[in-house]
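> generate a structure from the sequence data that follows.
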Amino acid sequence: MPEQAQRRAPEQPPSETPSGDNHALEELRHLIVAPEQEGLQEIRERLDNIERRAEDVSSVVAEAIQMRREQGDDALAEALAPTVQETLRESVRKDPHVLADALFPVMGPAIRKSISETLRSMLESFNQALEHSLSIRGIRWRIEALRTGKPFAEIVLMHSLLYRVEQVFLIHRKTGLVLNHVVAASIATQDADMVAGMLSAIQQFAHDSFHAGREESLGRMDFEELEIWVEASPDAVLAAVIRGHAPSEYRLAMKEALEKIQQDYSSALAHFQGDAGPFRGAAEGLNQLLEARFKGVPVSKKRPRAVIAAAIVVFAAIAAWVGYSSYLLWEWSKFLKALRQQPGIVILSQEKSGGRFHVHGFRDPLAADPAKLLAEAGFDPKNTELDLIPYYSVDDRIVEKRATEILHPPAGVKLTEKNGELHAEGAAPSQWIALFRERALWIAGVNAVDTAHLENKELIQLRHVQADLESVVLLFPLGRAELESGQDRALARAAEDVGSLLVQASHLNGTISIELVGHTDSTGVEAANVPLSRQRAEIISDMLFRSGIKPATLHARGVATSEPVRTEDTEEGRRLNRSVTFKVAFTPASPVN
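The predicted model follows:
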C-alpha cells in the first residue's frame with residue numbers, strides 16, 4: 001500500500017492529501033479498469049512484436065490457402081506465381097543440382113518414354129513405307145499419284161483407310177464455347193472456336209427451321225470426304241470429325257465418353273463462366289476417341305516373289321531416274337559450255353535449287369538469244385532462270401555486229417574488227433565514207449579505224465569513165481584538119497564521157513581538166529605538122545563546146561609526131577597517128593582514196 005500511495009500521489013495537487021473516500025474510489029476504479037488496460041497492453045505488444053505476429057499468421061496460413069482454393073478464387077495463384085517463378089529461377093542459378101535431383105525420378109522415365117515413342121513411330125512409318133512401296137499395289141498407287149498430281153500419301157490413305165477420327169470437340173451446350181479439343185497427329189486444323197461456333201450455328205438453324213425441341217440435337221453432318229458425328233448431354237456437346245465411314249459402335253463410344261464427362265464435370269459444367277481450365281483433364285478421355293482403322297493386307301504365299309519383283313521394278317525406276325538425272329546434268333554442262341563460248345555472253349555463276357537451274361551473268365543485246373539456245377538444247381525455259389544483265393561486249397564479233405547495226409554499210413563493203421580497230425573494205429559512196437570516219441569511233445569497243453582498203457565508189461566510176469574517154473581516138477584524113485567520115489559516133493561517145501566526168505567531179509567536190517592532144521603521122525615536115533596537129537585539137541574542142549561542154553574544162557594542144565599513138569610500121573599505125581586523143585586530170589577538193 002505505501003508504494004501505491006506513492007505512485008498515485010502525483011495525480012493530486014501537491015498541496016493536497018487524499019482523503020479516505022478518495023482513496024477508496026481510486027481502489028475501486030483500479031479494480032474495474034485494470035483488466036481491460038492490461039488486455040489492451042497485451043494486444044499492443046502483440047502487434048508491435050513481429051515475431052509474435054508471424055507466429056500467429058503461420059498457425060492459420062494453411063487453412064486460409066485451403067479455404068481460398070475451395071472457393072475457386074485464382075487471385076492467390078496469380079499473386080504467388082511471380083514469387084514462385086523467381087524463387088525457382090534463383091534456386092537454379094545458385095545450385096541447379098537441387099532441382100535436377102528433385103526432378104530426377106520424373107525426367108528419366110519421361111525421356112525414355114519419349115524416345116521409345118519416337119522410335120516406335122519411326123519404325124511404324126518405315127514399315128508402312130516398305131509395305132506400300134515394295135509391292136505391285138504400291139507401284140500402282142505411285143503411278144496414280146503421278147497421273148492425278150496428288151501426293152502419294154493421299155493416294156495410300158484413300159485406298160487403305162476405312163475411317164479415321166481426326167478431331168474431337170467438347171463444346172459447352174449453352175454458350176457454344178470450346179471446353180477441350182484434341183487432334184490426331186499430322187492433321188491440319190482450323191481455329192477450334194470458329195469450328196465450334198459453326199457447329200452451334202448449324203444446330204440453332206436446325207432448331208429454328210424445323211421447330212425441333214430444345215433437347216434434340218443434330219446427330220450427323222456430311223462434308224464430301226468428312227463426316228461430323230454429334231452427341232449431346234444436358235450441358236455439353238461432343239463432336240467428332242471423321243474421314244471415311246465409322247461403324248455404329250463408335251457412336252456408343254462417344255456416348256459413353258460424354259456420359260463420363262457429364263458425371264465428372266457436372267459442377268463445372270453447371271457453373272461454367274467461360275474458363276475452360278477445369279476441363280483440361282477431359283483430354284485423356286477425348287484422346288481415346290481418336291482412332292483409325294485401315295483395310296487389312298491379304299496374305300499370299302507368292303508375296304516374296306511379288307516383293308522381289310516390286311523391288312526390281314523400284315530399283316529399275318531408281319536406276320532410270322539416276323541415269324536420267326546424270327544425263328540431264330551432262331546436257332546442262334554442255335549447254336553451259338556452249339553458252340560460255342557465245343560472243344557477248346559472260347557467265348558468272350550457275351546453281352540448281354528448288355528443282356530449277358539458275359544462271360547469273362551478263363549479255364550484250366546483240367548476242368545470241370539464250371532462251372532460243374535453251375530450247376535448242378532441249379530444256380524447258382520454265383525450269384530455268386537466266387539472270388543476264390545487259391552490258392556492252394568488246395568481243396570482236398559483237399563489235400562487228402554493233403558497227404553493222406549502227407553504220408549500215410552499203411553492199412560490197414565488209415566491216416571487220418580486231419583488237420579495237422575497225423577495218424572497212426570495199427567500195428562505198430563518198431557520203432558513207434565520211435559518215436564512217438565520223439561515227440565509227442562512237443561505237444563501243446572501237447578505238448581506231450582503218451580505211452586503207454576502202455575505195456570511193458564515185459571515184460571508181462570517174463576512173464572508169466576517164467579510161468573510156470582516154471581510149472577514144474578521133475581520126476583525120478592525111479594533111480587535113482577535119483574528121484574522117486564515120487567518126488560521129490566516136491565524137492558523141494567522147495562528148496558523153498566528158499559530161500559524165502564533169503558530173504562525177506561535182507559529186508566529189510573536185511575539178512576536171514581535159515586535154516585534147518592533136519597528132520600527125522611522120523610524113524611531111526615537122527614545121528607544118530605542128531600547126532596541123534594543134535588545129536585538129538582545136539576543131540574537136542569547138543565541137544565539144546557546141547555540144548554544151550564548158551570551154552574552161554577543155555585544153556587543146558598539138559604535139560605533131562612527138563607523142564605518137566602507134567608505131568608507123570603499118571598503114572594502120574600511120575592512120576591512127578593522124579588523130580586527136582584525150583588526157584584527163586582530176587583534182588579532188590580533199591584527199592580521197
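
> the host helix or strand of residue 434 - contacts with which helices or strands?
Using DSSP states H and E, residue 434 maps to helix 430-439. The criterion is 3 or more Cβ pairs under 8 Å, 6 or more residues apart in numbering; DSSP states H and E, and the helices and strands that helix 430-439 contacts are helix 396-407, strand 448-456, helix 457-470. For every residue, glycine as well, the C-beta is placed using N, CA and C.

> redo these as JSON lines? Include mean pLDDT and mean neighbour count.
JSON lines is the format used below for these (pLDDT from 0 to 100; neighbours: other Cβ atoms under 10 Å):
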{"stretch": "helix 396-407", "mean pLDDT": "87", "mean neighbour count": "19"}
{"stretch": "strand 448-456", "mean pLDDT": "86", "mean neighbour count": "16"}
{"stretch": "helix 457-470", "mean pLDDT": "88", "mean neighbour count": "18"}
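
> report the buried residues of the top strand by length along the chain.
The longest strand of the chain (DSSP state E) is strand 161-172. In terms of neighbour count (16 or more other Cβ atoms under 10 Å), strand 161-172 has its buried residues at 161, 163-172.

> sorry, back to before: need the helices and strands packed on helix 430-439 in TSV (columns: distance to residue 42).
Shown next, in TSV, are those (distance: least, Cβ to Cβ, whole Å):
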stretch	distance to residue 42
helix 396-407	111
strand 448-456	119
helix 457-470	136
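
> closest to residue 147 out of those?
Counting by Cβ to Cβ, residue 147 lies closest to helix 396-407 out of those; the figure is 47.9 Å.

> you'd agree residue 549 is up against residue 496?
No: assessed by Cβ atoms under 8 Å, residue 549 is found out of contact with residue 496, at 10.6 Å.

> more neighbours, the two?
residue 549 (19 against 14; other Cβ atoms under 10 Å).

> grab the nearest non-local neighbour of the more buried one.
Once flanking residues are discounted, residue 549 sits nearest to residue 498: 5.4 Å by Cβ to Cβ, 6 or more residues apart in numbering.

> what's the local residue count around that neighbour?
For residue 498, the neighbour count with other Cβ under 10 Å is 24.

> tell me how far residue 548 lies from residue 219.
Remark: distance between residue 548 and residue 219 (Cβ to Cβ, to the nearest Å) = 119 Å.

> ignore the last one, residue 497
116 Å.

> neighbour count for the two, which is higher?
For residue 497 versus residue 219, neighbours defined as other Cβ under 10 Å are more numerous around residue 497 (22 against 11).

> who's in contact with that one?
Applying Cβ atoms under 8 Å, 6 or more residues apart in numbering to residue 497 gives the contacts 465-466, 468-469, 472.

> quick check on it: phi, psi?
Backbone torsions of residue 497, given as degrees, to the nearest 10, read phi -60, psi -40.

> excluding chain neighbours, what is closest to it?
The shortest distance from residue 497 to any non-neighbouring residue, by Cβ to Cβ, 6+ apart, is to residue 469 (3.8 Å).

> hmm, back to that, tilt between the helix or strand following the longest strand of the chain and strand 161-172?
Next helix or strand after strand 161-172 toward the C-terminus (DSSP H and E): strand 178-183. Here strand 178-183 points in a direction 160 degrees away from that of strand 161-172 (axes from the mean of the first three to the mean of the last three Cα atoms, to 10 degrees).

> helices or strands up against strand 178-183?
In terms of contacts (3+ Cβ pairs under 8 Å, 6+ apart), strand 178-183 is packed against strand 161-172, helix 192-210, helix 283-287.

> mind telling me which of the ones you listed the model trusts least?
Among those, helix 192-210 carries the lowest mean pLDDT, at a mean of 66.

> next helix or strand past it?
strand 220-223.

> what packs against the following helix or strand past that following strand?
The helix or strand immediately downstream of strand 220-223 is strand 226-232, counting by DSSP H and E. Contact partners of strand 226-232 among helices and strands, from 3+ Cβ pairs under 8 Å, 6+ apart: helix 192-210, strand 220-223, strand 236-244, helix 249-264.

> show me what strand 226-232 pairs with in its sheet, parallel or antiparallel.
Strand 226-232 has the following sheet partners, assigned by DSSP bridges: strand 220-223 (antiparallel), strand 236-244 (antiparallel).

> could you export the shortest one as PDB, CA atoms only?
Output in PDB follows, covering the C-alpha atoms of strand 220-223 (Å, rounded to 0.1, in the frame of the first residue of the first chain):
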ATOM      1  CA  ARG A 220     -24.600 -36.000 -88.100                       C
ATOM      2  CA  MET A 221     -23.300 -33.700 -90.900                       C
ATOM      3  CA  ASP A 222     -21.500 -34.700 -94.100                       C
ATOM      4  CA  PHE A 223     -18.900 -32.600 -96.000                       C
END
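
> what residues sit buried inside that strand?
Within strand 220-223, the residues scored as buried using 16+ other Cβ under 10 Å are residue 221.

> return the distance of that strand from the chain's centre.
What separates the centre of strand 220-223 from the centre of its chain is 42 Å, taken as Cα atoms, centre = their mean, to the nearest Å.

> can you give the contact residues for it?
So strand 220-223 is in contact with 202, 227-230, going by Cβ under 8 Å, 6+ apart.

> for that strand, give the mean pLDDT please.
Average pLDDT, strand 220-223: 73.

> same deal with the last one?
Strand 236-244 carries an average pLDDT of 85.

> any idea how far that strand is from the chain center?
43 Å.

> next: stretch 520-538.
95 Å.

> buried set for it?
The neighbour-count check on stretch 520-538 (16+ other Cβ under 10 Å) flags 520-521, 529-530, 532-538 as buried.

> which one of the helices and strands packed on helix 430-439 lies nearest to residue 185?
helix 396-407 (61.0 Å).

> show me what the closest one is in contact with.
Under the criterion Cβ under 8 Å, 6+ apart, residues 343-344, 364, 366-367, 392-393, 415-419, 422, 432, 435-436, 439-440, 442-446 lie in contact with helix 396-407.

> which of the buried residues of strand 161-172 sits closest to residue 45?
Closest approach between the buried residues of strand 161-172 and residue 45, by Cβ to Cβ: residue 172, at 55.4 Å.

> so that closest one makes contact with residue 179?
Yes: between residue 172 and residue 179 a contact is recorded at 5.6 Å, counting by Cβ under 8 Å.

> find the residues that touch each one of the two.
Joint contacts of residue 172 and residue 179 (Cβ under 8 Å, 6+ apart) are 236, 272.

> identify, from the buried residues of stretch 520-538, the entry nearest to residue 314.
Nearest to residue 314 among these is residue 537, at 106.8 Å by Cβ to Cβ.

> what comes into contact with the one helix or strand the closest one maps to?
Secondary structure from DSSP H and E places residue 537 in helix 526-546. Here helix 526-546 makes contact (Cβ under 8 Å, 6+ apart) with 474, 476, 479, 481-483, 491, 494-495, 498, 516-520, 551, 554-561, 579-580.

> the stretch 301-450 of the chain: strands as residue ranges?
Along the stretch 301-450 of the chain, counting by DSSP state E, counting those that start in this stretch, strands occupy 345-353, 356-363, 384-390, 414-418, 421-428, 448-456.

> ok, and for the helix or strand where residue 24 lies, which residues are buried?
In the assignment (DSSP H and E), residue 24 maps to helix 20-48. Of the residues in helix 20-48, residue 26 count as buried by neighbour count, 16+ other Cβ under 10 Å.

> contacting residues for the residue nearest to residue 392 when sequence neighbours are not counted?
Nearest non-adjacent residue to residue 392, counting by Cβ to Cβ, 6+ apart: residue 444, 4.2 Å away. Applying Cβ under 8 Å, 6+ apart, we find residue 444 in contact with 392, 394, 399, 402.

> ok, those residues vs residue 381, which is closest?
residue 392 (25.4 Å).

> how far away is the closest one from residue 343?
12 Å.

> CA atoms only for the helix or strand following the helix holding residue 537, dumped as PDB, please.
Using DSSP H and E, the helix or strand that directly follows helix 526-546 along the chain is strand 554-560. C-alpha atoms of strand 554-560 as PDB (Å, rounded to 0.1, in the frame of the first residue of the first chain):
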ATOM      1  CA  LEU A 554      39.000  21.700-172.400                       C
ATOM      2  CA  HIS A 555      42.600  22.500-173.300                       C
ATOM      3  CA  ALA A 556      43.700  21.900-176.900                       C
ATOM      4  CA  ARG A 557      47.400  21.000-177.600                       C
ATOM      5  CA  GLY A 558      49.300  19.900-180.700                       C
ATOM      6  CA  VAL A 559      52.200  17.500-180.500                       C
ATOM      7  CA  ALA A 560      52.700  16.600-184.200                       C
END
